[in-house]
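Trainee: Sequence plus the predicted model coming up.
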Amino acid sequence: MHKSDDCIFCKIVAGEIPSAKVYEDDEVYAFLDLSQVTKGHTLVIPKSHEKNVYELKEETASNLFRAVPKVANAIKASFDPIGLNMLNNNGEAAGQSVFHFHIHLLPRYGKGDGFG
Ligand code: 5GP
Ligand code: ZN
């Protein structure tokens, strides 16, 4: 399990920065994004610090995606959206601003919900 001392998401996993937890298991943590693009906007991250898709280990990817349906269903149960987008940015040019791999889960509520 990798950890980076200057990574915001590693600090969130360690509980050094507070977050609104949506789901947790031994390998994965999910929490509400600080900036809610839509209601229930959630980030799913591996607890292991791996920068982006190019560094993501097979085992880490496998653990992460095993958890994704559980997180999606937790969001569904709490927020009752009518759809959900999953989004992942890799590299600054692609909009990545935190360099600890994460997937955005964006619940959708229909026209005018704030996300294209
Ligand atoms: P990216 O742009 O790298 O794909 O997404 C990073 C996301 O992390 C952004 O949507 C941003 O709002 C979120 N974020 C950055 N810092 C924090 C934080 O301290 N707490 C939480 N909950 N979200 C954060
Ligand atoms: Zn990290």
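Mentor: Good, I have the coordinates. Keep in mind it's a predicted model, so treat the numbers as computed, not measured. Numbering: from 1, shown residues only. Ligands and ions are numbered 1, 2, ... in the order given.
Trainee: in a strand, that's where F65 is, yeah?
Mentor: No: under DSSP: H, G, I helix; E, B strand; the rest coil, F65 sits outside any strand and is assigned helix.
Trainee: What degree of burial does it show, as a neighbour count?
Mentor: 12 (other CB atoms under 10 Å). Heads up, the C-betas are built off the backbone N, CA and C, glycines and all.
Trainee: Would you mind measuring from it to ligand 2?
Mentor: Distance of F65 to ligand 2, given as CB to the ion, to the nearest Å: 18 Å.
Trainee: Could you measure from that residue over to E55?
Mentor: 16 Å (CB to CB, to the nearest Å).
Trainee: For this protein, which residues are neighbours of ligand 1?
Mentor: Applying CB under 6 Å from any ligand atom, one finds that the chain approaches ligand 1 through 8, 17, 19, 31-35, 43, 89, 95-98.
Trainee: What about these, which are in strands?
Mentor: F31, L32, L43 (DSSP state E).
Trainee: now, among the residues you listed, which is nearest to Y23?
Mentor: F31 (8.5 Å; CB to CB).
Trainee: Excluding residues flanking it in the chain, which one is nearest that closest one?
Mentor: S19 (4.0 Å; CB to CB, 6 or more residues apart in numbering).
Trainee: Could you list which residues are in contact with the one you found?
Mentor: For S19, the contact set (CB atoms under 8 Å, 6 or more residues apart in numbering) comprises I12, F31, L32.
Trainee: On the pLDDT front, check the first one for me.
Mentor: It stands for I12. We have a pLDDT of 98 for I12.
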